[in-house]
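# give me coordinates for this.
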Amino acid sequence: MLQPVDISFESLNFITLAPMLIAVVGALSILIIDLIKGGLDKTIYVMISLLFLLLDLGTLVDFAGMFKENGTMLGFFNVILIDGIAILGQLIIVVASMMFLPLALTSKRFHEYSNPEFFALFLFMVAGFQFMVSSDNLIMIFVGLETASLALYTLIAMHNRSHSFEAAVKYFTMGALAAGFFAFGSMVFYALTGSIEINQIAVILKADDYANIGYVLVGTTFLLAAFSFKLSLVPFHTWTPDVYEGSSSALASYMAIVPKIAAFVVAMRLFEFLVHSGVVWLEVMLYVIVVLTMTLANVWALVQSDVKRMLAYSSISHAGFVMAAILIGTTQANSALFLYWILFSFTNLGAFTMLWVSRQKDLPHGQNSDHPFSKFSGMVKTMPLAATMMALFMLSLAGLPPFGVFWGKVYMLSAAVSAEYTVLALIMALNSAIAAYYYLKIIVYMFMKEPENCGSVYMSNASLPLKTVIGFSAVLTVFAVILVNPLLEFITPLVYNSGF
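Residues are numbered from 1 along each chain as shown. I've put the predicted structure just below:
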């Protein structure tokens with residue numbers, strides 16, 4: 001007969017759930033307020049959401065201090081794992097979310113922001129991503145992933161344009177397929193080891209000297225395919241340009257940043273122990289995926305006639321570039337991953353927000369897409385400040401010094417060379433050179449062509465919050481050189497003390 005086990009409240013360490021619960025409580029609060037007093041202005045919901053995210057951020061900063069003093073924290077039946085990379089992942093998620101929310105304070109034509117359900121779903125999505133990065137339990141990761149994904153599908157559809165419904169359906173279909181792959185891969189590892197915790201799976205497989213290498217190959221292939229969907233890695237990227245094009249520009253920017261950093265953290269936990277174990281075929285698979293993703297995405301971006309689709313393909317290329325860190329698997333590479341993604345986040349958000357400002361409800365005659373390159377022709381003559389800031393974001397995304405993403409690329413290339421991945425470093429440098437062409441293309445249109453009457457960008461029509469986000473992103477992009485050392489001093493101990 002099984003004996004009951006006494007579990008003390010203290011042993012559950014519920015404090016580890018605090019960041020996620022803050023976001024959940026915020027979402028429930030918005031729903032309750034709407035039930036009690038409906039029809040409130042969207043500004044109220046934006047402020048409530050920002051308040052709870054600020055509390056979330058404060059909790060994470062406290063956790064960073066606690067981790068440096070006490071090390072890894074476990075909680076809630078050891079399902080929640082708070083280590084350095086969990087804290088870093090959550091910080092990026094929360095800060096990016098806080099920068100996204102002010103974009104809701106825009107003109108009334110973006111009707112989805114008038115619905116309190118939008119902000120409730122947004123906070124549920126944030127909580128889902130936080131759960132996802134704060135666990136090495138495959139079931140909890142799956143629950144967090146699906147919670148966030150289901151909310152995100154709905155947010156895309158709420159844009160309520162024909163392309164938005166199409167984008168939501170495509171994303172849902174690809175997400176369902178990825179969820180199936182994840183579940184099947186997790187099942188294989190559970191059958192092999194009797195555990196659903198990544199650290200325990202690593203210990204058992206190593207103790208058995210990878211005796212069932214064929215089954216490990218099957219499980220890893222399915223999990224790698226699942227995360228390749230989420231990270232839009234080639235050849236699982238096909239949904240990305242259509243979904244980004246159908247989403248609002250602001251939400252497309254968010255999708256390029258937050259879901260991917262959550263997937264990167266889980267991929268880091270899941271694949272790096274296999275790479276370090278000497279399983280050569282996994283290293284070869286990752287190598288091929290990284291090179292194909294960087295190269296093919298750049299080639300596709302070169303031939304795009306729409307700026308938004310070009311940025312969608314460029315985000316695929318950046319994801320492949322950062323995925324190289326998981327292949328390399330050193331502390332320097334993993335630190336470079338977080339540094340790169342932080343710098344990329346500000347630049348990418350600024351670039352997509354410029355598209356958000358210029359969005360047109362009705363396309364002019366002869367214009368087939370919302371953001372053709374010709375729309376930005378001669379922009380320096382009509383809106384010089386806007387043209388200058390857009391140029392800054394393009395130069396940064398191209399990796400040109402001294403702008404933001406350049407420093408992330410340099411540190412990533414340094415990590416590759418230090419780990420003796422010299423050929424990979426050369427391929428990464430070559431792809432950066434290719435990418436510079438299509439980023440400079442829009443600068444040529446803005447500064448070297450005459451204005452056209454097919455729709456133009458008017459920063460004067462942007463609300464103050466939009467101008468603030470764009471300005472803040474531009475400042476961080478320009479002065480990134482000052483931020484690099486402090487960021488690395490913060491990131492590296494958290495990554496190293498997490499065992500990565």
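
# hang on, residue 340 packs against residue 323?
No. Under the criterion of Cβ atoms under 8 Å, residue 340 is not in contact with residue 323, lying 10.9 Å apart. Using the backbone N, CA and C atoms, a C-beta is placed for each residue, glycine as well.

# ok, residue 241 - contacts?
Listed by Cβ atoms under 8 Å, 6 or more residues apart in numbering, the contact set of residue 241 reads 309, 312-313.

# among those residues, which one lies nearest to residue 46?
residue 312 (26.5 Å; Cβ to Cβ).

# any idea which element that closest one lies in?
helix 307-328 (DSSP states H and E).

# tell me, what's touching residue 340 and residue 323 both at once?
By Cβ under 8 Å, 6+ apart, no residue touches both residue 340 and residue 323.

# quick one: low-confidence ranges for the stretch 401-500 of the chain?
Along the stretch 401-500 of the chain, the parts satisfying pLDDT under 70 run over 453-463.

# and the helices in it, which stretches?
Taking DSSP state H, counting those that start in this stretch as the criterion, the stretch 401-500 of the chain carries its helices at 404-418, 422-448, 464-478, 480-497.

# so of these, which one's packed in deepest?
helix 404-418 (a mean of 22; mean count of other Cβ atoms under 10 Å).

# mind picking out the helix or strand in the protein with the poorest mean pLDDT?
Lowest mean confidence among the helices and strands of the chain (mean pLDDT, DSSP states H and E): helix 9-12, at a mean of 64.

# who are the packing partners of the helix or strand that comes right after it?
Downstream of helix 9-12, the next assigned helix or strand under DSSP H and E is helix 18-36. Counting contacts by 3 or more Cβ pairs under 8 Å, 6 or more residues apart in numbering; DSSP states H and E, helix 18-36 packs against helix 42-70, helix 116-133.

# do that again at 10 Å, thanks
Judged by 3 or more Cβ pairs under 10 Å, 6 or more residues apart in numbering; DSSP states H and E, helix 18-36 is in contact with helix 42-70, strand 80-82, helix 84-100, helix 116-133, helix 138-157.

# give the buried residues for it.
By neighbour count on 16 or more other Cβ atoms under 10 Å, the buried set for helix 18-36 is 18-24, 26-27, 29-31, 33-34.

# and the residues you listed, which is closest to residue 132?
For those, the closest approach to residue 132 (Cβ to Cβ) belongs to residue 20, at 9.8 Å.

# on contacts alone, who are the packing partners of the helix ranked longest in the chain?
For the chain, the longest helix by residue count, based on DSSP state H, is helix 162-193. Contact analysis of helix 162-193 by 3+ Cβ pairs under 10 Å, 6+ apart lists helix 138-157, helix 198-207, helix 213-231, helix 239-246, helix 249-276 as its packing neighbours.

# report the buried residues of it.
Those buried within helix 162-193 under the rule 16+ other Cβ under 10 Å are 164, 166-168, 170-172, 174-175, 178-179, 181-186, 188-189, 192-193.

# just stretch 149-160 next, same as before
Buried residues in stretch 149-160 (16+ other Cβ under 10 Å): 149-159.

# okay, now the residue nearest to residue 57 when sequence neighbours are not counted: neighbour count?
What sits nearest to residue 57 in space, not counting adjacent residues and going by Cβ to Cβ, 6 or more residues apart in numbering, is residue 94, at 5.0 Å. Other residues lying near residue 94 total 26 when counted by other Cβ atoms under 10 Å.

# also the one 3 residues further on?
When neighbours are counted by other Cβ under 10 Å, residue 97 registers 24.

# give me the buried entries from the contacts of residue 241.
Buried among these by 16+ other Cβ under 10 Å: 309, 312-313.

# out of those residues, the closest to residue 239 would be?
Set against residue 239, the nearest of those by Cβ to Cβ is residue 312 (10.2 Å).

# the nearest residue to residue 181 once chain neighbours are set aside: what's it in contact with?
The shortest distance from residue 181 to any non-neighbouring residue, by Cβ to Cβ, 6+ apart, is to residue 226 (3.9 Å). By Cβ atoms under 10 Å, 6 or more residues apart in numbering, residue 226 lies in contact with 142, 145, 175, 177-186, 236, 263, 266-267, 270.
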